[in-house]
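In: Predicted model and sequence below, questions to follow.
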Amino acid sequence: MRSSPERAAWTVLLISFSVFCLLASGIPLGIRAYLRNARTQQDALMKVIEGTVLVQQRNGQAPIGVTSSSSAWELSRGDQVVTDGSSWATLDLFDRSNVILYGNTGVELVSSNSPRFRAGKRPNEIALKLTGGLMRMGVALPGDRATELHVLTPHAVLSLVEGSYRIEVYNDGTELTVLRGTALVGSQESRVTVPQGTRTRIDMSGIPGEPGPAERNLILNGDFREPLPPVWTAKPDTFGSPIAPPRVDIVQLGGRSAAHLVRREPDDGIHTEVSIEQALNLDVRDYSSLVLSLDVLLSFQSLSGGGQLSSEFPVQVRIDYKDRYGNDNFWTRGFYYQNGSGYRIVPDAWGQPIGTQIPQGVWYPYETENLLETLGESGPAYLTRIKIYAGGWNYEGYVSEVRLIAE
């Protein structure tokens, strides 16, 4: 039985009309969606401040060395930048945000895009992956369009708004300091807001700790409530003399734990030394303040002052570091209570007496001024270690509450 021609015609007509309606509405909607969502990749500009920086391009074979004499280097999505211990660089992002990359730091430009058309409603998007090291992130004020800016680390996702941030990645965690602005840290399940003037650390679990003060004590176990190893390394030295060596131990004195550095033997007049030291290995170029404080108590010293060369004090503290030019340098201060022989206390490289006379038998709180300002151009850029030691003939001293506060 043949179907009705009229029915077939109506069917074709209705299908055609439906297709027409779909096209009439779908094409404008599709164009509108494209105009609103189309993205354009944006490059970042890298400038080398010092040394040689390696750039690993996304599709490149071998890293390219870029020096400060080179012009600004354009980074595309997927490119990586790596600095070593003697180099540092800046990144200028398309939204006017900027990044400082310090020594031994690696970062990848994961994404950097903006809407292709002015009709686009989505924000700018920037994502950087900090694989290790230290960077300072300056997020610009929004312009005509807001920017969603994220920093990815092995331990967390950091969402940043306009402000200034210090971000450092270690093997076992990420540390974020909010100098200005506000940051969101973590996943949707465990997100923490980090306000201005605070700091948080994210460990291997990916869970951020509650924000605390932005200042940071760079010394571990400086109150000596735990055993010396593995943070502190102790070393007595008689310099080849077959005599009883000095010793260092942890004692309780006046309600506090203290490192006790002592040699009280009959064979006086022979130089010995005993020390504890802690490796720091920290870049401090991003800090504006570095203050050392410690409490010292001197019980005994048989050698006057700091000896003839101002190098043999019953307690002495020394910070070893590299300056901004990569030169090895150190700052030191000794403590003594008597100088019966009238030995001269020589000045250090900055014109200050290398030794400080303090009362005998009482806890003396010592605190430096801001070392970053005091030591000037030859001051620390990278801290290598702190050493607390006693030297001379016979001596006995105590040290507690060692703090090196960076802000």
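Out: Noted; the coordinates are in hand.
In: What residues sit buried inside stretch 80-94?
Out: Within stretch 80-94, the residues that qualify as buried are 80-83, 87-94, counting by 16 or more other Cβ atoms under 10 Å. C-beta coordinates here come from the backbone N, C-alpha and C atoms, glycine included.
In: Compile those residues into a markdown table and extend it with columns for secondary structure.
Out: Output for those, formatted as a markdown table (DSSP: H, G, I helix; E, B strand; the rest coil):
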| residue | secondary structure |
| --- | --- |
| 80 | strand |
| 81 | strand |
| 82 | strand |
| 83 | coil |
| 87 | coil |
| 88 | strand |
| 89 | strand |
| 90 | strand |
| 91 | strand |
| 92 | strand |
| 93 | coil |
| 94 | coil |
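In: And the closest residue to residue 115 other than its chain neighbours, how close does it get to residue 146?
Out: Leaving aside its chain neighbours, residue 115 sits nearest to residue 122 (5.7 Å; criterion: Cβ to Cβ, 6 or more residues apart in numbering). Distance check for residue 122 against residue 146: by Cβ to Cβ, to the nearest Å, it reads 9 Å.
In: Could you measure from the residue nearest to residue 115 over to residue 334?
Out: Counting by Cβ to Cβ, the separation of residue 122 from residue 334 is 62 Å.
In: Break down the chain into its helices, ranges please.
Out: 5-37, 371-374 (DSSP state H).
In: mind saving the C-alpha coords of stretch 166-181 as CSV?
Out: This file holds the C-alpha atoms of stretch 166-181, laid out as CSV (Å, rounded to 0.1, in the frame of the first residue of the first chain):
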residue,chain,number,x,y,z
ARG,A,166,57.1,34.4,49.0
ILE,A,167,56.9,30.8,47.9
GLU,A,168,59.6,28.2,48.7
VAL,A,169,59.5,24.5,47.8
TYR,A,170,61.6,22.0,49.8
ASN,A,171,61.8,18.2,49.4
ASP,A,172,59.2,17.7,52.2
GLY,A,173,56.9,20.6,51.8
THR,A,174,56.0,24.1,50.5
GLU,A,175,56.1,27.3,52.5
LEU,A,176,54.0,30.3,51.6
THR,A,177,54.4,33.8,53.2
VAL,A,178,51.8,36.4,52.3
LEU,A,179,53.6,39.8,52.4
ARG,A,180,50.6,41.6,51.0
GLY,A,181,47.2,40.2,49.7
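In: May I see the buried residues of it?
Out: Neighbour-count burial for stretch 166-181 flags 166-169, 173-179, 181 (criterion: 16+ other Cβ under 10 Å).
In: same check, this time on stretch 42-55
Out: Residues of stretch 42-55 classed as buried by neighbour count (16+ other Cβ under 10 Å): 42-44, 46-48, 50-51, 53-55.
In: cool, and stretch 94-111?
Out: Within stretch 94-111, the residues that qualify as buried are 94-95, 97-111, counting by 16+ other Cβ under 10 Å.
In: and that stretch, how far out from the chain's middle?
Out: Going by Cα atoms, centre = their mean, to the nearest Å, the spacing between the C-alpha centre of stretch 94-111 and its chain's C-alpha centre is 14 Å.
In: Between the two ends of it, how far is it?
Out: Length of stretch 94-111, first residue to last, Cα to Cα, to the nearest Å: 12 Å.
In: ditto for stretch 344-352
Out: End-to-end distance of stretch 344-352: 13 Å, with Cα to Cα as the criterion.
In: same thing with stretch 307-316?
Out: Taking Cα to Cα, the first and last residues of stretch 307-316 lie 13 Å apart.
In: quick one: contacts of that stretch?
Out: Taking contacts as Cβ atoms under 8 Å, 6 or more residues apart in numbering, the residues outside stretch 307-316 that touch it are 261, 271, 296, 298, 300-301, 303, 305-306, 332-337, 343-346, 354-355, 388-393, 395-399.
In: give me that answer again for 7 Å
Out: Counting contacts by Cβ atoms under 7 Å, 6 or more residues apart in numbering, the residues outside stretch 307-316 that touch it are 261, 271, 296, 298, 301, 303, 306, 332-336, 343, 345-346, 354-355, 389-392, 395-397, 399.
In: How about residue 365, nearest residue that isn't a chain neighbour?
Out: Nearest residue to residue 365 in three dimensions, chain neighbours excluded: residue 295, at 5.3 Å (Cβ to Cβ, 6+ apart).
In: Look up which residues are beta-bridged to that neighbour.
Out: When bridges are assigned using DSSP bridges, the partners listed for residue 295 are residue 365, residue 400.
In: ok, now which ones touch it?
Out: Contact partners of residue 295, counting by Cβ under 7 Å, 6+ apart, are 363-365, 400-401.
In: could you redo the last one with a cut-off of 8 Å?
Out: Residue 295 is in contact with 256, 258, 363-366, 399-401, counting by Cβ under 8 Å, 6+ apart.
In: How about residue 354?
Out: Counting by Cβ under 8 Å, 6+ apart, residue 354 has contacts 306, 310, 332-334, 345-348.
In: same deal with residue 280?
Out: Counting by Cβ under 8 Å, 6+ apart, residue 280 makes contact with 218, 383-386, 404.
In: which among the residues you listed end up buried?
Out: Buried positions within these, assessed by neighbour count (16+ other Cβ under 10 Å), are 218, 383-384, 386, 404.
In: Which pair of the residues you listed spans the longest distance?
Out: Of all pairs drawn from those, the one with the largest separation by Cβ to Cβ is 384 and 404; the distance is 12.7 Å.
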